[in-house]
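Peer 1: need the 3D shape of this:
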Amino acid sequence: MIRFKVISEYKFVDGDIHWIKRRVLVFPTLCTTAGVAAGLLGIGGGMVKGPIMLEAGVLPAVQSATASFMILFTASSTTLQFAINGQFQVEFQFDYMAWFAFIGFVGGFCGLKCVGYFVKKYKRESIMVYTLAATIGLSAVAMGFIGLQSTLSDIENGVHLGFHGICDNE
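Peer 2: As a prediction, this is how the structure comes out:
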């Protein structure tokens, strides 16, 4: 299809991805690797794939919507998996799900309106990129802090962390 657009001298708009041979191989490979990394880290795929999409030239508004959908899909499927496995207390299960769904909806709506206001006011879509960068940075710091706090707590309580010497036969 891209070949027909090029032959017919189609004027590409900003944000269109030109699917040349290199991008057909590299982009899906990077997205697959990012998805695996996101799954291993336990975060939404949109957090990892967002910068890749921006690097590929996707418009920030399109990238933001795509990343939000990926995070929504990941969070919803994980919540549903926990509910099916009965990992919520039965009497509070649907109350918690409804409450957190409501809070997530309100937070997303407020975030959308705030970012939309600043984008319109300053006429800069780069605000979405800065918001994404700040979110990823704060998430990385929070995950590192919580991991360190958990590890220090395990050390204080004498929990075996799984480390041992190379030559130990124990």
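Peer 1: buried stuff in the helix or strand bottoming out on mean pLDDT in the chain?
Peer 2: The weakest-scoring helix or strand in the chain, judged by mean pLDDT, DSSP states H and E, is helix 2-7 (a mean of 74). Within helix 2-7, no residue is scored as buried using 16 or more other C-beta atoms under 10 Å. The way it works is simple: take the backbone N, C-alpha and C, and place the C-beta from them, glycine included.
Peer 1: following it, which helix or strand shows up next?
Peer 2: helix 21-41 (DSSP states H and E).
Peer 1: ignoring the adjacent residues along the chain, who's closest to Met47?
Peer 2: Using C-beta to C-beta, 6 or more residues apart in numbering and skipping residues adjacent in sequence, the residue nearest Met47 is Ile136, 5.8 Å away.
Peer 1: if I take whatever helix or strand that neighbour lives in and helix 21-41, what angle do their directions form?
Peer 2: For Ile136, the host element (DSSP H and E) is helix 126-156. Relative orientation of helix 126-156 versus helix 21-41 (axes from the mean of the first three to the mean of the last three C-alpha atoms, to 10 degrees): 40 degrees.
Peer 1: adjust the sequence numbering to begin at 33 for everything that follows.
Peer 2: That works, and once the first residue is 33, the last one we named lands at helix 158-188.
Peer 1: who are the contact partners of the residue nearest the centre of the chain?
Peer 2: In the chain, the residue lying closest to the centroid (C-alpha atoms, centre = their mean) is Met79, at 2.4 Å. Residues near Met79 by C-beta atoms under 8 Å, 6 or more residues apart in numbering: 70, 99, 103, 167-168, 171.
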